[in-house]
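K.L.:
no FASTA, just this:
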């Protein structure tokens, strides 16, 4: 499944709401996790938001998190890919299977 979001260069709102689920469709418990949103322009090997990529956990038991964009996350027009990863204190890493594409245009 692919979710397509539309933003303008430098937009910081709206925040991205996330519901993290395992393959069995059950919510992933986030009590012992840090959730990261990694944004990369299509064709690039460098993330645009490495200095600000930690999500806010909204519901630990419900697998809900939120990513608040900063104005440098989407610095130019084009297509970006966003990947969500959860790092647990046990050392396990979960990468969300949902493909999130962000289409960015220049502001008028």
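P.N.:
Yep, it's here. If you're wondering where the values come from, they're calculated on a predicted model, not measured in any experiment.
K.L.:
state the mean pLDDT of stretch 6-26.
P.N.:
Computed over stretch 6-26, the mean pLDDT rounds to 92.
K.L.:
swap that for stretch 73-92, sorry
P.N.:
Taken as a whole, stretch 73-92 has a mean pLDDT of 94.
K.L.:
ends of that stretch, what's the gap?
P.N.:
One end of stretch 73-92 to the other measures 27 Å (Cα to Cα, to the nearest Å).
K.L.:
so what pairs up with the spatially most central residue of the chain in the strands?
P.N.:
Among the residues of the chain, residue 37 comes closest to the average C-alpha position under Cα atoms, centre = their mean, at 3.3 Å. Here residue 37 sits in beta bridges with residue 84, going by DSSP bridges.
K.L.:
same deal with residue 66?
P.N.:
In this entry, residue 66 is beta-bridged to residue 17, residue 56, by DSSP bridges.
K.L.:
surely it touches residue 56?
P.N.:
Yes - assessed by Cβ atoms under 8 Å, residue 66 is found in contact with residue 56 at 4.8 Å. Every residue, glycine included, has its C-beta placed from N, CA and C.
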